[in-house]
Structures are given as structure tokens and as C-alpha cells.
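S.K.: Sharing a model that was predicted from the sequence below.
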Amino acid sequence: MDTRRAGEGPGRSGRSREVRHFTMIRSLALADLFTLGNGFCGAGAILAMMKYLVTGEPVWVDTAFVLLPLALVLDTLDGRVARWRRRSSMLGADLDSLADAVSFGVAPAALGFTLGLRGSLDVVALLFFVGCGISRLARFNVTAAALADEEGKVKYFEGTPIPTSVLLVLLWAFLFHTGRTHDAVPFGEWSLGPFILHPLSLLYVLNGSTMISRTLRIPKF
């Protein structure tokens with residue numbers, strides 16, 4: 001394949017510019033590896049819950065309970081490593097948001113569905129939660145520069161950060177190990193005509209609503 005740039009012809013040096021392979025991988029900073037680890041944990045948790053639905057083996061739910069807090073640890077470390085190394089890639093912010101959307105948005109919603117929130121209105125609540133999480137991440141990316149101080153640091157979050165959804169994961173861990181999932185979900189279920197709602201799913205609505213709030217200002221440490 002001809003690797004010369006457009007406009008280069010025989011009258012020039014005659015050299016062809018070689019295509020550099022794995023350019024994107026080369027551009028990744030050390031902090032990005034922690035960010036990818038965060039995303040891998042979130043995706044792994046989702047796959048583990050799918051495995052549980054197929055096999056019914058509790059070990060797969062426990063795997064998700066380990067992976068999602070681990071995702072939070074990696075999400076915390078990527079920023080610290082970037083500041084320590086004083087280097088971040090151009091992909092850093094977007095990579096972080098995408099990983100967070102998987103680990104702290106889609107995965108906790110999938111966990112709720114897996115462990116009993118399967119009514120039609122539960123699904124609406126779970127989708128609302130995911131939508132709020134994605135919207136919150138997008139808003140932060142857009143407004144981060146405006147919220148930053150002279151040193152470029154953001155002092156507070158508008159709305160609760162999406163990793164607060166790990167609190168829902170910890171709640172599910174408690175309920176799972178005390179036998180209060182599936183048909184035994186706390187507060188039972190409500191039949192609203194042909195629709196089913198488990199009141200517990202309203203915690204997802206509450207968490208999602210606080211994420212997109214502009215009146216809540218959470219200090220960033």
C-alpha cells in the first residue's frame with residue numbers, strides 16, 4: 001500500500017512516510033490504564049450478572065459485588081496517578097466518562113434488574129437512572145473548564161458524582177446475602193393497572209435525580 005502523503009510525488013525526496021502502528025495505544029498515559037481497568041470491571045460485572053441469570057450460581061453475583069467497588073478504586077486512582085505523573089492523554093477525560101457510564105451507570109442498573117427489579121415501571125426507573133448518569137457526565141465535561149479555579153482544579157461538583165451509585169451496589173450486596181432479593185425484595189411490589197413497580201426502584205430515581213441537580217454542590221476533594 002502506498003503510504004505517501006497526498007501531494008508527494010517522484011520529484012520530492014522519494015521517501016514514503018511509514019504508517020505508525022498502534023498510535024492510539026502509544027498515546028495512552030499510565031492513568032488511562034487505570035481508567036480502562038475501571039471500564040473492564042464494569043463490563044465484567046455486567047457479564048457476571050448475565051452468567052448468574054443463565055446458571056443461577058451466586059458466585060457470579062458476588063463477582064459483580066467485588067468488581068464494582070474495585071472500579072471505584074481504579075476511578076479514584078486514575079486522577080491521582082495523572083496528577084502524580086503530571087501527564088494525561090488527550091483521551092483522558094472522554095475515556096473516564098465512558099468508563100464511568102459503564103461501571104456506575106449501566107452496571108448498577110443491570111444489577112437491580114438481575115436481582116428483582118423486573119417490572120415494567122422498574123425498567124423505566126432503571127433507564128431514567130442510566131440516562132441521568134450519562135447526562136451528568138456530559139454536563140461535567142462541558143462545564144469543567146468554567147468551574148475550574150486558577151490552577152485548573154474543579155472545586156465542586158454540580159449534582160452528586162455518578163460513582164455514588166456504588167451505594168446502591170452495597171445495598172444490593174446486603175440484601176442478596178440476607179435473602180431479600182427477587183420475590184423477597186423489600187417493600188414488595190405495586191400493581192398499577194397492567195404495570196408493576198417495586199418501590200425499591202425509586203432509589204434509582206432518587207440517585208439519578210441528585211446526579212442531574214444543579215442546586216446540589218458537592219465539594220471535590
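M.R.: Thanks, I have the structure now.

S.K.: Under the pLDDT cut-off, which ranges of this protein? List them.
M.R.: 1-29, 82-92, 145-154, 221 (pLDDT under 70).

S.K.: any chance you could map the helices in it?
M.R.: In the chain, the helices defined using DSSP state H lie at 23-27, 30-55, 59-85, 92-101, 107-114, 120-147, 166-177, 202-212.

S.K.: closest to residue 183 out of those helices?
M.R.: Evaluated over those, closeness to residue 183 peaks at helix 166-177, with 12.4 Å, by C-beta to C-beta. C-betas here are computed from N, CA, C, even on glycine.

S.K.: How about residues contacting that closest one?
M.R.: Helix 166-177 is contacted from outside by 58, 61, 64-65, 68-69, 72, 104, 108, 111-112, 115, 181, 185-186, 203-204, 207, using C-beta atoms under 8 Å, 6 or more residues apart in numbering.

S.K.: Can you tell me how far residue 35 is from residue 79?
M.R.: 9 Å (C-beta to C-beta, to the nearest Å).

S.K.: what do you get for residue 199?
M.R.: As defined by C-beta to C-beta, residue 199 lies at a distance of 36 Å from residue 79.

S.K.: Who are the contact partners of residue 53?
M.R.: Going by C-beta under 8 Å, 6+ apart, residue 53 touches residue 114.

S.K.: brain fart, residue 205
M.R.: Shown in contact with residue 205 (C-beta under 8 Å, 6+ apart): 125, 128, 129.

S.K.: and residue 117, how many neighbours?
M.R.: The number of residues packed near residue 117 is 26, by other C-beta atoms under 10 Å.

S.K.: shouldn't it be in contact with residue 125?
M.R.: Yes - contact criterion C-beta atoms under 8 Å: residue 117 and residue 125 qualify, at 7.4 Å.

S.K.: what touches both of the two?
M.R.: Going by C-beta under 8 Å, 6+ apart, residues that sit against residue 117 and also against residue 125 are 201, 204.

S.K.: one step back: tell me which of the helices of the chain lies nearest to residue 157.
M.R.: Nearest to residue 157 among the helices of the chain is helix 120-147; the distance by C-beta to C-beta comes to 7.2 Å.

S.K.: All set now, cheers.
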